[in-house]
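Visitor: show me how the following folds:
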Amino acid sequence: MTDIIYESQYAEEIIVEKASAALNDGGIIVIPTDTIPGIGCRADKHKSIQRLFELKDRPLDLPIPVITADKNDIYKYTRNIHPLFEKLADKYWPGQLTIILQSNGKIDNAVGGGGNTIGFRIPDYQLVRSIVRATGFPLALTSANPHAAVPTAVHERLLKWWKDEVEMIVLGLTIKANPPSTVVDLTTDKPTIVREGLIDTDELCRILKCD
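Guide: Below you'll find the predicted structure:
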C-alpha cells in the first residue's frame, strides 16, 4: 500500500521522517522538487535502482540524476573534479543545474546507466534536501512519469501512475511543473552544455568558455 501525503497538510519533519524511513528500507518514493516531481530511491540500493528503471520502463543505459543536500558531499562520490565545478556550484546551487562528474564507484553504477559518470544536482527545495540529509545517502531521482509519458506535477496523474506501485507519494504544494534542469558535462577538458533549461545559456557559456 502506498503512503499518500499532501505536503500542505503535514509538518516538514513528519514528511522527512516518513520518507527517509521508506528510502532506508529500500523503498521508492515520489516527491516534489523545484523542477519536476521526482521518483527515486537511495543511490546505493541496487535492487531498488533496478526496480526504479522497471517501474518507469526506462532504458538501462539512460542515467538517472543523483540528488545531494550539500556541495561538499559531492567530493565523497567523485574523482578528478574539473576546476570549474566550484564556480558552477557556488553560482547555481541550490538550483536548476545538473553537473556531470566522474564517479569514484561509491554510487551504484547502474544509476549512471552502467558508465563511470554521474549527474549531480542540489535542488532549490528545502524538503528534498532535508530528506537526503535524514536518509544519509544521495538519492537517484528522476522525473516522476513513465518514460514514454510527458512529465507533470498534476496530482491526479501522479496518483494514476504510482499509487500501489511505490512506497510513498508526497503531493506538492503546486501542480505547476517547471522545465527540467540545465545539464553541464564536466568530465572532459572541454565542458559542454548537454541540455538547456531555465539557466541563461549565454551566461553559462561565458563561464564554460563555449565556442
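Visitor: which SS class is Pro146?
Guide: coil (DSSP: H, G, I helix; E, B strand; the rest coil).
Visitor: beta partners of Gly119?
Guide: Counting by DSSP bridges, Gly119 forms beta bridges with Ile100.
Visitor: neighbours of it, how many?
Guide: 22 (other C-beta atoms under 10 Å). The C-beta positions use only the backbone N, C-alpha and C, and glycine is treated the same way.
Visitor: give the contact list for it.
Guide: Pro63, Pro65, Val66, Thr98, Ile99, Ile100, Leu101, Gly112, Val183 (C-beta atoms under 8 Å, 6 or more residues apart in numbering).
Visitor: identify the residues contacting the nearest residue to Arg79 once chain neighbours are set aside.
Guide: Spatial nearest neighbour of Arg79, excluding adjacent residues (C-beta to C-beta, 6 or more residues apart in numbering): Asn104 at 4.5 Å. Contact analysis of Asn104 by C-beta under 8 Å, 6+ apart lists Tyr77, Thr78, Arg79.
Visitor: how many other residues sit next to the first one?
Guide: By other C-beta under 10 Å, 21 other residues sit near Tyr77.
Visitor: now do it against Lys160, distance only.
Guide: 34 Å (C-beta to C-beta, to the nearest Å).
Visitor: what does the longest helix anywhere in the chain rub up against?
Guide: In the chain, taking DSSP state H as the definition, the longest helix is helix 12-24. Applying C-beta under 8 Å, 6+ apart, the external contacts of helix 12-24 come out as 3, 5, 7, 29, 31, 41-42, 126-127, 130-131, 134-136, 139, 167-168, 170.
Visitor: now do the helix or strand just after that helix: which elements does it pack against?
Guide: For helix 12-24, the following helix or strand on the C-terminal side (DSSP states H and E) is strand 29-31. Secondary-structure packing of strand 29-31 (3 or more C-beta pairs under 8 Å, 6 or more residues apart in numbering; DSSP states H and E): helix 12-24, strand 38-42, helix 126-135, strand 168-171.
Visitor: which of those sits closest to Glu196?
Guide: strand 38-42 (19.7 Å; C-beta to C-beta).
Visitor: what residues does the helix or strand just after the closest one touch?
Guide: Using DSSP H and E, the next helix or strand after strand 38-42 towards the C-terminus is helix 46-56. By C-beta under 8 Å, 6+ apart, the residues outside helix 46-56 that reach it are 26-28, 39-43, 58-60, 64, 108, 110-111, 140, 142, 145-147, 162, 165-166.
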